[in-house]
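Asks: missing the sequence, but the structure's below:
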Ligand code: ATP
Ligand code: LTN
């Protein structure tokens, strides 16, 4: 059995980028009988950026319902809130003592987020990758499916784990990051050279998986392309068109080459509408299931409790192993 671990922050909305780059991939991994999957809502990470309490709670429940609505199965996989398993924060502290300030200082996401939130460059923002390393290492993870923006954090997690192992012997399993083949980076619809991001202030740039159908179509119709007329996959020179082809490929299940042929001689307008329609179709079953689940808080909480208990049972053992290796007195 291979252990698969990943997490998403329940902040703001779930975007089409999150879905294609992350959650859809989790779904495929869950379908493989050789995988044992653990998926978390990284709600400890979320407060590195200030959250309004009522909205935070609402987002967290909404994300949990979305994960189930998107086909993650709380019986097959462990699906839980990070904040419900105390070992994450504990291991994070221990790992801090095996992580260098310089290593954290050069993390791209830390630099970006410090720029964006200059009034709140808190320690958590800097320590974010160490908590993420704790998440992954607690479960003896083999593979971590993520979008490309998280690969640097996986690398640092591996470095920290190898450092610990080089001091104490085999404490941690060394994980590997895995990328989705198509759609590892879905771009903004308004600036196709930037990642589609849930924290983008321009709502036209981002598709929420819960957007109304008419809104989705409208956003695709106004997607930024280029001044040529040829529909060709060329992310360097034609980032907008290439982004639409990537999204359509995922939503329709057709390869990009097939789509290039289908769209020969057609206009950008056709590509935009077809992509919008395919995304609407792709999201339809999930939306109906979401509406049902979000009104059943008791069920969601019982799944989350079960997930937390199963996660804690694994996490406790790993933490104990590390504490024993360090030399803590055990009772
Ligand atoms: P923010 O931009 O505010 O940091 P985010 O949209 O990147 O948020 P995260 O919670 O950081 O969302 O990411 C959750 C998962 O979704 C990660 O695995 C990340 O790599 C993936 N992901 C996020 N945005 C994209 C995107 N545009 N394309 C592909 N994958 C993405
Ligand atoms: N940092 C990730 C979310 C995250 C994560 C993890 C992903 C937190 N812990 C462990 C994989 C494994 C993000 O912002 N996308």
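Replies: Okay, I see it. Everything numeric in this text was worked out from a predicted model, so none of it was measured. Ligands and ions are numbered 1, 2, ... in the order given.
Asks: check contacts around whichever residue of the stretch 151-300 of the chain sits closest to ligand 2.
Replies: Closest contact between the stretch 151-300 of the chain and ligand 2, by Cβ to the nearest ligand atom, is at residue 153 (6.0 Å). To be clear about C-beta, it is placed using only N, CA and C from the backbone, and glycine gets the same treatment. Neighbouring residues of residue 153 by Cβ atoms under 8 Å, 6 or more residues apart in numbering: 107, 109, 128, 129, 132, 133, 146.
Asks: I figured residue 61 hits residue 297, correct?
Replies: Yes. Using Cβ atoms under 8 Å, residue 61 makes contact with residue 297 at a distance of 6.7 Å.
Asks: closest one of the contacts of residue 153 to residue 55?
Replies: Nearest to residue 55 among the contacts of residue 153, counting by Cβ to Cβ, is residue 128 at 20.8 Å.
Asks: that closest one and ligand 1, how far apart?
Replies: 10 Å (Cβ to the nearest ligand atom, to the nearest Å).
Asks: likewise residue 129?
Replies: 12 Å.
Asks: how close does that residue get to residue 153?
Replies: From residue 129 across to residue 153, the span is 5 Å (Cβ to Cβ, to the nearest Å).
Asks: shared neighbours, those two?
Replies: In contact with both residue 129 and residue 153: 107, 109, using Cβ under 8 Å, 6+ apart.
Asks: what about the residue of the stretch 151-300 of the chain closest to ligand 2, which helix or strand?
Replies: Per DSSP states H and E, residue 153 falls inside helix 151-168.
Asks: tell me if that helix is near ligand 1.
Replies: No. Using Cβ under 6 Å from any ligand atom, we find that helix 151-168 stays clear of ligand 1, coming within 8.4 Å at best.
Asks: any idea how far that helix is from the chain center?
Replies: Remark: helix 151-168 is offset 21 Å from the chain centroid, using Cα atoms, centre = their mean, to the nearest Å.
Asks: and stretch 278-292, by the same measure?
Replies: Centroid displacement of stretch 278-292 relative to its chain, using Cα atoms, centre = their mean, is 19 Å.
Asks: what of stretch 154-174?
Replies: With Cα atoms, centre = their mean as the basis, stretch 154-174 stands 23 Å off its chain's centre.
Asks: can you list contacts of it?
Replies: With Cβ under 8 Å, 6+ apart as the test, stretch 154-174 has contacts from 3, 95, 98-99, 103, 107, 129-130, 132-133, 136-137, 140-142, 144, 146, 175-177, 318, 321-322, 325-326.
Asks: any bit of the longest helix belonging to the chain sitting next to ligand 2?
Replies: The residue-count maximum for a helix in the chain (DSSP state H) belongs to helix 297-326. No. Using Cβ under 6 Å from any ligand atom, helix 297-326 never reaches ligand 2; the gap is at least 12.5 Å.
Asks: I'd like to know which elements that helix is packed against.
Replies: If you count contacts as 3 or more Cβ pairs under 8 Å, 6 or more residues apart in numbering; DSSP states H and E, helix 297-326 packs onto strand 35-41, helix 53-69, strand 78-81, helix 87-96, helix 123-138, helix 151-168, helix 268-294.
Asks: output the ones you listed in TSV, with distance to residue 235 appended to each entry.
Replies: Output for the helices and strands packed on helix 297-326, formatted as TSV (distance: least, Cβ to Cβ, whole Å):
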stretch	distance to residue 235
strand 35-41	29
helix 53-69	28
strand 78-81	33
helix 87-96	36
helix 123-138	27
helix 151-168	18
helix 268-294	15
